[in-house]
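Asker: Structure, please.
(one chain, ligands or ions: 1)
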Amino acid sequence: MTDRYATFAHSGAGRFLVKRLGLPNPPKLRRYEKAAEFGPVTLGGSGRLVEPTRNILDELPVAAGADGHCAALIFDASGITDSEALRALYDFFHPVIRSLRPSGRVIVLGSPPELCTSAREATAQRALEGFVRSAGKEVARGSTAQLVYVAPGAEAATESTLRFLLSGRSAYVSGQVVRIGPAAVDVPDDWDQPLVGRTAIVTGAARGIGEAIAHVLAREGAHVVCLDVPAAGEDLSRVANDVKGTALQLDLTTEDAPRRLADFIATRHVHADIFVHNAGITRDKTLGRMEEGQWSSVLDVNLSSQERINDVLLAESLLGGNGRIVSVSSVSGIAGNRGQTNYATSKAGVIGLVQASAGAVAEHGLTINAVAPGFIETRMTAAMPMFAREGGRRLNSMTQGGLPVDVAETIAWLAHPASGGVNGNVIRVCGQSLLGA
Ligand code: NAD
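Answerer: Numbering: from 1, shown residues only. The predicted model follows:
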């Protein structure tokens, strides 16, 4: 679905009218391009993360800047131990923030408040969230702001996250708080193809966001097993062919689905490395008008089937070492939405599932995380009533809807072999939507 307003706003006449009338002006977002150069980056702060971050930046194709403008501002706030020292944020960002280029990046690094050794330090570290969320709303022109809490001992586990946040892959992710814990880091031979030799299974892959996930994981080198209901068989074969992967027709809600999936993995691939729970449905109705079947089908597809599959994946060790589970939730599960008590219950449940299982999953040497998309341009959102659709599109810091590829890129980061320290996170891919902010 195309955003006709954005297309108009980018035309010659549109630019003039948008400016004269003070209408929303959705910026063109910088998205992934192979080997794209990026920079310059200004790094500040005085904590334990400055040196590891500088070492990572030294490895990136960071361009030098001659015009005084900056593509990214990174500040290590992990050395801040009380509220008075928060002034360092002002001192670093105030002189340079207005020189941030379009689609620029603000990244603040800190320590998880719950691991701080004093109440004052925890207070100051928690305060960083307010700074980043407000900065995200100020930077505009497609720029983003994020906070990355790095646990002590996890300093060497930040590279895949910094690469993702600096690149165009994170185009529609802003105002997020990422938590990184200590983990053995599996550095890929080739950062452009980190998933070579890995097998990914993507549910709901016949179209929409699932199709984009299959494409991005395949681009990153994975063999992708595309799974969808038999009724979507034709589209499923097309996507599997496009990504040179395998099609698997399976209705996830049937009683024997976990068994059939387990047998498929064991016989065809020995083990899989990445499992993406993307399949989902909506059956919107206000609660008083909702039929029982509309409630139970949404809960079953969106949540209970994920639980049953995770159980078999763990019980039969079907995911290889350093494996990844990524679940697709929704901003509806965070903010709630009229007409979606069933859907929001299921998507909030997905967040609960991820957070409740992170510990047990880590004991198997795996990670589990969720992405929560906001308004993404798909058939699902194209079917919304016009006013709700326009509201969803514009009420975020990017003043536009995201694309399926934006969700897919975020999943590829979580699925990355070097993202072992990212576990139990819920990352919104919503352009910093005001809903549930
Ligand atoms: P979509 O309807 O285009 O695709 C969903 C796919 O899941 C379909 O191919 C469908 O056949 C498959 N599926 C449904 N039930 C299944 C079952 N029982 N077994 C196997 N496959 C099944 O939806 P989409 O917009 O691409 O959304 C993908 C995911 O993202 C969903 O979980 C959705 O809730 C979530 N999401 C979407 C948006 C958005 O703006 N589009 C926003 C937030 C969250």
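
Asker: Go ahead and confirm Val50 touches Ile74.
Answerer: No. Using Cβ atoms under 8 Å, Val50 makes no contact with Ile74, being 9.2 Å away. In short, each C-beta sits where N, CA and C put it, glycine included.

Asker: Common neighbours of these two, please.
Answerer: Common contacts of Val50 and Ile74 (Cβ atoms under 8 Å, 6 or more residues apart in numbering): Leu43.

Asker: Output the contacting helices and strands for the helix or strand Glu211 falls within.
Answerer: Taking DSSP states H and E as the criterion, Glu211 maps to helix 208-219. Using 3 or more Cβ pairs under 8 Å, 6 or more residues apart in numbering; DSSP states H and E, the elements in contact with helix 208-219 are strand 199-203, strand 223-228, helix 233-242, strand 272-277, helix 404-414.

Asker: Next one: the fourth one, is it in contact with the ligand?
Answerer: No. Contact of strand 272-277 with the ligand is not found when judged by Cβ under 6 Å from any ligand atom; the minimum separation is 7.8 Å.

Asker: C-alpha coordinates for that strand, PDB please?
Answerer: In PDB, the C-alpha atoms belonging to strand 272-277 read as follows (Å, rounded to 0.1, in the frame of the first residue of the first chain):
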ATOM      1  CA  ALA A 272      17.300 -25.000  12.900                       C
ATOM      2  CA  ASP A 273      19.100 -21.900  14.200                       C
ATOM      3  CA  ILE A 274      16.400 -19.200  14.000                       C
ATOM      4  CA  PHE A 275      12.700 -19.500  14.600                       C
ATOM      5  CA  VAL A 276      10.500 -16.400  13.800                       C
ATOM      6  CA  HIS A 277       6.900 -16.500  15.100                       C
END
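
Asker: returning to what we had before: Val50 and Ile74 - which one has more neighbours?
Answerer: Regarding Val50 and Ile74, a neighbour count based on other Cβ atoms under 10 Å identifies Ile74 as having more, with 25 against 18.

Asker: May I see the buried residues of stretch 367-380?
Answerer: Neighbour counts using 16 or more other Cβ atoms under 10 Å place 367-378, 380 of stretch 367-380 among the buried residues.

Asker: Turn these into a markdown table, including distance to Ala408 and secondary structure.
Answerer: Output for these, formatted as a markdown table (distance: Cβ to Cβ, whole Å; DSSP: H, G, I helix; E, B strand; the rest coil):
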| residue | distance to Ala408 | secondary structure |
| --- | --- | --- |
| Thr367 | 18 | strand |
| Ile368 | 18 | strand |
| Asn369 | 14 | strand |
| Ala370 | 15 | strand |
| Val371 | 9 | strand |
| Ala372 | 14 | strand |
| Pro373 | 10 | strand |
| Gly374 | 15 | coil |
| Phe375 | 16 | coil |
| Ile376 | 10 | strand |
| Glu377 | 13 | coil |
| Thr378 | 12 | coil |
| Met380 | 15 | helix |
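
Asker: which two in these are spaced the farthest apart?
Answerer: Farthest apart among the buried residues of stretch 367-380 by Cβ to Cβ are Thr367 and Glu377. That separation is 28.5 Å.

Asker: Confirm that Gly79 sits in a strand.
Answerer: No. Using DSSP: H, G, I helix; E, B strand; the rest coil, the secondary structure at Gly79 is coil, not a strand.

Asker: contacting residues for it?
Answerer: By Cβ under 8 Å, 6+ apart, the residues touching Gly79 are 45-48, 85.

Asker: just Gly321 next, same as before
Answerer: Counting by Cβ under 8 Å, 6+ apart, Gly321 makes contact with Gly365.

Asker: And the strand or helix carrying Ala388, how far out from the chain middle?
Answerer: Element membership for Ala388 (DSSP H and E) is helix 386-394. Put simply, helix 386-394 sits 22 Å off its chain's centre (Cα atoms, centre = their mean, to the nearest Å).

Asker: Quick check: chain neighbours aside, which residue is closest to Asp190?
Answerer: Closest residue in space to Asp190, ignoring its immediate chain neighbours: Val196 at 7.0 Å, by Cβ to Cβ, 6 or more residues apart in numbering.

Asker: distance of that neighbour from Asn55?
Answerer: Separation of Val196 from Asn55 (Cβ to Cβ, to the nearest Å): 24 Å.

Asker: And for Thr286?
Answerer: Using Cβ to Cβ, one gets 54 Å for the distance from Thr286 to Asn55.

Asker: quick one on the thing from earlier: my read is that the residue nearest to Asp190 contacts Arg219, right?
Answerer: No. Counting by Cβ under 8 Å, Val196 stays clear of Arg219, with 11.2 Å between them.

Asker: Just the closest residue of the stretch 251-400 of the chain to the ligand, please.
Answerer: Nearest residue of the stretch 251-400 of the chain to the ligand: Gly280, at 2.2 Å (Cβ to the nearest ligand atom).

Asker: does that residue really touch Val328, like I thought?
Answerer: Yes. Counting by Cβ under 8 Å, Gly280 does reach Val328; the two are 6.3 Å apart.

Asker: what about this protein, any weak spots by pLDDT?
Answerer: 1, 17-23, 64-66 (pLDDT under 70).

Asker: That one: strands as residue ranges?
Answerer: Assigned by DSSP state E, the strands in the chain fall at 41-45, 70-76, 100-110, 144-150, 176-180, 199-203, 223-228, 246-249, 272-277, 319-328, 367-373, 426-429.

Asker: and among these, the most buried is which?
Answerer: Comparing the strands of the chain by mean neighbour count (mean count of other Cβ atoms under 10 Å), strand 199-203 ranks first with a mean of 29.
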